[in-house]
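> Quick one, structure for this:
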Amino acid sequence: MRRPQRNDMYVNGEGMKVVVNNVLAPNPAGVQILEYKFIGSPELHFIPVDEFTGQFEFVETFSSFDIYIEERNKILQLKEEEEERAALARKKAKEEAASAIKR
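The predicted structure follows:
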């Protein structure tokens, strides 16, 4: 089993990708904590390494942080496009409702 390290990308059972940000030194109890975040999310998560490797499967190691930025930007762009489509659909529904009321 591969030991997680900085810039490793993993995927969970739902297909969500995460990137390892840091692997902390073991605490006095011998538990090693891993810091990671989901791609496209600014939130950091902390979990014991053994628990992490049980929940996530290794995909690849980033050669540079730029790859993470590019993937994050793609996700953000897709979200923006989805929000624009939803706003357009709401506007269209309002216009249809207004024209139905005028009749």
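
> Every contact and neighbour count from this point should use C-alpha atoms.
Noted.

> Pull the contacting residues for Arg3.
Listed by C-alpha atoms under 8 Å, 6 or more residues apart in numbering, Arg3 has no contact partners.

> That one falls within a strand, correct?
No. Judged by DSSP: H, G, I helix; E, B strand; the rest coil, Arg3 forms no part of a strand; its state is coil.

> Against Ala98, how distant is it?
Distance, Arg3 to Ala98, by C-alpha to C-alpha, to the nearest Å: 60 Å.

> cool, Gln5 as well?
57 Å.

> now do Tyr36
48 Å.

> Tell me which of these two has more neighbours.
When Tyr36 and Ala98 are compared on other C-alpha atoms under 10 Å, the one with more neighbours turns out to be Tyr36, at 23 against 11.

> Now that one: closest residue in space, sequence neighbours ignored.
Nearest residue to Tyr36 in three dimensions, chain neighbours excluded: Val20, at 4.4 Å (C-alpha to C-alpha, 6 or more residues apart in numbering).

> I'd like to know which elements whichever strand or helix holds the one you found is packed against.
Per DSSP states H and E, Val20 falls inside strand 17-23. When contacts are defined as 3 or more C-alpha pairs under 8 Å, 6 or more residues apart in numbering; DSSP states H and E, strand 17-23 packs onto strand 8-12, strand 33-38.
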